[in-house]
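In: Coordinates for the following, if possible.
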Amino acid sequence: MSAFRFCPQCRAELAPRAATEDGGERVRLRCPNCDFTHWNNPTPVLAAVIECTDREGRVLLARNSAWPGRFFGLVTGFLEAGESPEEGIRREIAEETQLQVDALSLLGVWDFKRLNQIIIAYAAQAHGEIQLSPELAEVKLLLPTEVKCWPQGTGQAMATWLRQRGIEPQWLDLASTD
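Out: Numbering: from 1, shown residues only. Coordinates of the predicted model:
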């Protein structure tokens, strides 16, 4: 269910317990002492398909420094308190690549159950000199027809962006991500 094990209010061990909520009875981690409930709601994650308008419309794919192997994906980041998703993805693109965003459009929202996240993905048109933050190890700039999508997480956003341009997505064989 979750790695959350102890009550943040009274430190008792949480246990799966049923309780009646607005939508009916639900089992959640609850404190047996003070009735604290761990809701385990998904975390909003922002993602961007970045089209570099000053590089023949090439798409920027990034390899996160923390990722094992050589997988390249979209620039992503967490939504911060007090910012809109649009502000958040502009900030993430600037922080991680130093690119300036000229235009944004919402691609869609996807559930990423494996990490308990909701992905809010945008198409971004951007320009400027690419300077990577320490969070990114390297980037690739590919023509849209060269991009291969991945089946989970942000790969669905990439496929949606390609289809919007009349390109049928090619799918990556995850057994070989080099």
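In: quick one: average pLDDT of the strand or helix carrying Ala123?
Out: Element membership for Ala123, per DSSP states H and E: strand 117-127. Strand 117-127 carries an average pLDDT of 97.
In: Could you tell me the end-to-end distance of stretch 131-142?
Out: In stretch 131-142, first residue to last residue: 17 Å (Cα to Cα, to the nearest Å).
In: Longest strand of the chain, counting residues only.
Out: strand 100-112 (DSSP state E).
In: Against which helices or strands is that strand packed?
Out: On a contact count with 3 or more Cβ pairs under 8 Å, 6 or more residues apart in numbering; DSSP states H and E, strand 100-112 meets helix 85-97, strand 117-127, helix 155-164. (C-beta placed from N, C-alpha, C; glycine too.)
In: by how many degrees do the second one and strand 100-112 diverge?
Out: Meaning strand 117-127. 160 degrees (axes from the mean of the first three to the mean of the last three Cα atoms, to 10 degrees).
In: Begin at 483, not 1, for the rest of this chat.
Out: Will do, 483 is the new start, and the previous item becomes strand 599-609.
In: The helix or strand just after strand 599-609 pairs with which strands, parallel or anti?
Out: Following strand 599-609 in sequence order, the next helix or strand is strand 618-624 (DSSP H and E). Strand pairing for strand 618-624, using DSSP bridges, gives strand 540-546 (antiparallel).
In: The closest residue to Asn598 other than its chain neighbours and Val621, how far apart?
Out: Nearest residue to Asn598, sequence neighbours excluded (Cβ to Cβ, 6 or more residues apart in numbering): Pro524, at 5.1 Å. Applying Cβ to Cβ, to the nearest Å, the value for Pro524 to Val621 is 28 Å.
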